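K.L.:
Okay, here's the prediction I keep looking at, along with the sequence it came from:
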Amino acid sequence: QVQLVESGGGLVQAGGSLRLSCAVSGRTGSNYGIGWFRQAPGKEREFVAAMRWGGGATRLADSVSRRFTISRDNAKNTVSLQMNNLKSEDTAVYYCSARTGWTTAYYLPASYADWGQGTQVTVSS
């Protein structure tokens, strides 16, 4: 089992930036996938970004690909989501998640077994 703790959410004006962090602990392997998802009120949880824990692969949703980046800090065992040029439609609870194996199903929430508690991101227009 993997333990995940998100931090870094908050209130920001449109056009601003935020950096979310996910502290990862427990049983992990180089081929694990770490994902970021978000869920706005009344909407389904949607894929934002993912990366292979051992490096070598990252994926971003089309809606954020030119504004967000995902990266890992090896020394701190964290995965970060840098969010720039934020828009009101980015408002949501952001969740960090982990799955065994890095496959083409990285964008499916159901393929992730472990989840953090979420962190709220609110973008004011």
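P.N.:
Structure's in. What do you need?
K.L.:
The chain: strands as residue ranges?
P.N.:
2-7, 10-13, 18-26, 33-39, 46-52, 58-60, 68-73, 78-83, 92-99, 114-115, 119-124 (DSSP state E).
K.L.:
Reformat the ones you listed as CSV; add distance to residue 106.
P.N.:
Any C-beta I mention is one placed from the backbone N, CA and C, and that applies to glycine too. Shown next, in CSV, are those (distance: least, Cβ to Cβ, whole Å):
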stretch, distance to residue 106
strand 2-7, 15
strand 10-13, 27
strand 18-26, 15
strand 33-39, 5
strand 46-52, 4
strand 58-60, 6
strand 68-73, 11
strand 78-83, 13
strand 92-99, 8
strand 114-115, 14
strand 119-124, 21
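K.L.:
Columns mean neighbour count and mean pLDDT on top of those, output as a markdown table?
P.N.:
Converted to a markdown table, the strands of the chain look like this (neighbours: other Cβ atoms under 10 Å; pLDDT from 0 to 100):
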| stretch | mean neighbour count | mean pLDDT |
| --- | --- | --- |
| strand 2-7 | 18 | 97 |
| strand 10-13 | 13 | 98 |
| strand 18-26 | 18 | 97 |
| strand 33-39 | 23 | 98 |
| strand 46-52 | 21 | 98 |
| strand 58-60 | 17 | 97 |
| strand 68-73 | 17 | 96 |
| strand 78-83 | 21 | 98 |
| strand 92-99 | 23 | 98 |
| strand 114-115 | 18 | 98 |
| strand 119-124 | 17 | 98 |
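K.L.:
Please name whichever of those strands is nearest to residue 107.
P.N.:
Counting by Cβ to Cβ, residue 107 lies closest to strand 46-52 out of those; the figure is 4.0 Å.
K.L.:
Hey, what's the angle from the closest one to strand 33-39? Just curious.
P.N.:
Strand 46-52 and strand 33-39 are oriented at 170 degrees to each other (axes from the mean of the first three to the mean of the last three Cα atoms, to 10 degrees).
K.L.:
right, so of the strands of the chain, which gets closest to residue 108?
P.N.:
Per Cβ to Cβ, nearest to residue 108 of the strands of the chain: strand 46-52, 7.6 Å.
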